[in-house]
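Asks: Need a 3D model of the sequence below.
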Amino acid sequence: MFVSRETPLVLASASPRRRELLSLAGVPLEVRESRVEEVIAPGEDAENFTRRVARRKAEDVAASLPPGRFVLGADTTVVLDGEILQKPRDAADAARMLSRLSGRTHRVLTAVTVLCTGPAAREEILESSEVTFRELDPALVEGYVRTGEPLDKAGAYGVQGRAALLVRSIRGSYTNVVGLPLCETILLLERLCAFRAFEGSPA
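Replies: Just a heads-up that it's a prediction; the model follows:
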């Protein structure tokens, strides 16, 4: 069993960023959005939360597929002082998050689960990157929030977009901060389903 044009990888996410990143490596894709709600359990830390949500996304979509299909679920979390910063509720919440991130270093975690339907096959990874923001004055925060870009993103920013102006440095994987650690994910696919980067064919 392997990922190919006839049996593409099923991406359990509607994220255009994850789809674009996987397409860079020539991964044939079928997109099926999961219905999993990203709710933090009482006492759950960021690592366990991120892993659990990625796993549940993959399992949710896999349940509706025939045997022999590979499914990828992923979840990205922004963490500051141990607190998970999820997608903002509104513009005011986005401004609050950005003001907290101003001039500071935070972590971005992405968990990836790839599983095969039918035979038991599953691999998981968790990647962590450190992101340092420049000092953000209120006018800069207000201007960025007004673009609308922060409203559907964990931590209220998208590094691949206008928020590139806010980031001073990244330690670790850049694509992890975008939403999918691409190199690590491709290595996982190579191990689990004999995928060959740029070809979309079995190794």
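
Asks: Centre-most residue in the protein?
Replies: Nearest to the mean C-alpha position of the chain, by C-alpha atoms, centre = their mean, lies G179 at 3.2 Å.

Asks: so that residue sits right up against R17, yeah?
Replies: Yes. Counting by C-beta atoms under 8 Å, G179 does reach R17; the two are 4.5 Å apart. For glycine as for every other residue, the C-beta is placed from the backbone atoms N, C-alpha and C.

Asks: From A156, how far out is the residue nearest to the centre of the chain?
Replies: Computed as C-beta to C-beta, to the nearest Å, the G179 to A156 distance reads 14 Å.

Asks: Now for the protein: which helix has the highest residue count?
Replies: When the chain is scanned for its longest helix (criterion: DSSP state H), the result is helix 46-62.

Asks: Quick one: residues in contact with that one.
Replies: Here helix 46-62 makes contact (C-beta atoms under 8 Å, 6 or more residues apart in numbering) with 10, 12-13, 32, 34-36, 38, 40-41, 44, 69, 71-77, 79, 82, 84, 107, 109-115, 117, 124, 126.

Asks: which of the residues you listed are buried?
Replies: Taking 16 or more other C-beta atoms under 10 Å as the criterion, what is buried in the contacts of helix 46-62 is 10, 12-13, 32, 34, 36, 38, 40, 69, 71-77, 79, 84, 107, 109-115, 117, 126.

Asks: where along this structure do the helices fall?
Replies: Along the chain, counting by DSSP H, helices occupy 16-24, 46-62, 91-101, 138-146, 174-178, 182-193.

Asks: Helix or strand with the lowest mean pLDDT in this protein?
Replies: Ranking every helix and strand in the chain by mean pLDDT, DSSP states H and E puts strand 201-202 at the bottom, with a mean of 43.

Asks: so where is the chain shaky, pLDDT-wise?
Replies: Residues of the chain that meet the criterion pLDDT under 70 lie in 1, 199-203.

Asks: try 50 this time
Replies: Along the chain, segments meeting pLDDT under 50 span 200-203.

Asks: Centre of the chain to the edge, which residue is at the far end?
Replies: If you look at how far each residue of the chain sits from its centre, by C-alpha atoms, centre = their mean, the farthest one is A139, at 28.9 Å.

Asks: separation between that residue and V145?
Replies: 11 Å.

Asks: again with V31
Replies: Taken as C-beta to C-beta, the span from V31 to V145 is 29 Å.
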